Every structure is written in structure tokens, then in C-alpha cells.
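Peer 1: sequence unavailable; structure follows:
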């Protein structure tokens, strides 16, 4: 059984993911930050927070296909 806490975390994560795919990175970041408050060690959420911050600074082209290209190793 999934706890209420986990359900809330997943709700914010999924909303963030949908916003991320819609290129609404600031709104997505807000949802991912809410998710990480609930589950501080969640790896995928941490990854998307980092990606959102990068994409806010360096927006992708209008025809972006959702692929994130790393620029450093």
C-alpha cells in the first residue's frame, strides 16, 4: 500500500513532469521542489530540479523534443 505522503509526492512529481514536457520549466521546478520536500532523497526529482534550473537559464528551441543534452561530464 502507498502512503498518503508518497501519493502527495507523486502528485507533485507527475504535475512537474507534465509541465516540464510542456516547456513550462519554472512551474515544473515549483512542483519538483514540493515533491523533494516530501521525499528529500528522490533521485529522479533531484535530476529534474537540476534540469529545470538549467533550462530556465538556457531555454531550448521552440521545436524542442524533450531530450536533455548534457554539456559537461
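Peer 2: Received the coordinates, thanks. Every value quoted in this text rests on a predicted model; they were computed, and no experiment measured them. Numbers count the residues shown, from 1 in each chain.
Peer 1: for residue 16, give me its contacts.
Peer 2: By Cβ atoms under 8 Å, 6 or more residues apart in numbering, the residues touching residue 16 are 28-32, 35, 45, 48, 52. For glycine as for every other residue, the C-beta is placed from the backbone atoms N, C-alpha and C.
Peer 1: tabulate those (a markdown table), appending pLDDT, secondary structure and neighbour count.
Peer 2: Below are the contacts of residue 16 laid out as a markdown table (pLDDT from 0 to 100; DSSP: H, G, I helix; E, B strand; the rest coil; neighbours: other Cβ atoms under 10 Å):
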| residue | pLDDT | secondary structure | neighbour count |
| --- | --- | --- | --- |
| 28 | 98 | helix | 24 |
| 29 | 98 | helix | 21 |
| 30 | 98 | helix | 16 |
| 31 | 98 | helix | 24 |
| 32 | 98 | helix | 29 |
| 35 | 98 | helix | 26 |
| 45 | 97 | helix | 24 |
| 48 | 97 | helix | 24 |
| 52 | 96 | helix | 23 |
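Peer 1: out of those, who's nearest residue 6?
Peer 2: The closest of the contacts of residue 16 to residue 6 turns out to be residue 35 (Cβ to Cβ; 10.4 Å).
Peer 1: that older thread, kindly reformat the contacts of residue 16 as TSV containing distance to residue 68.
Peer 2: As requested, the contacts of residue 16 are arranged in TSV below (distance: Cβ to Cβ, whole Å):
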residue	distance to residue 68
28	13
29	14
30	19
31	17
32	14
35	18
45	15
48	9
52	10
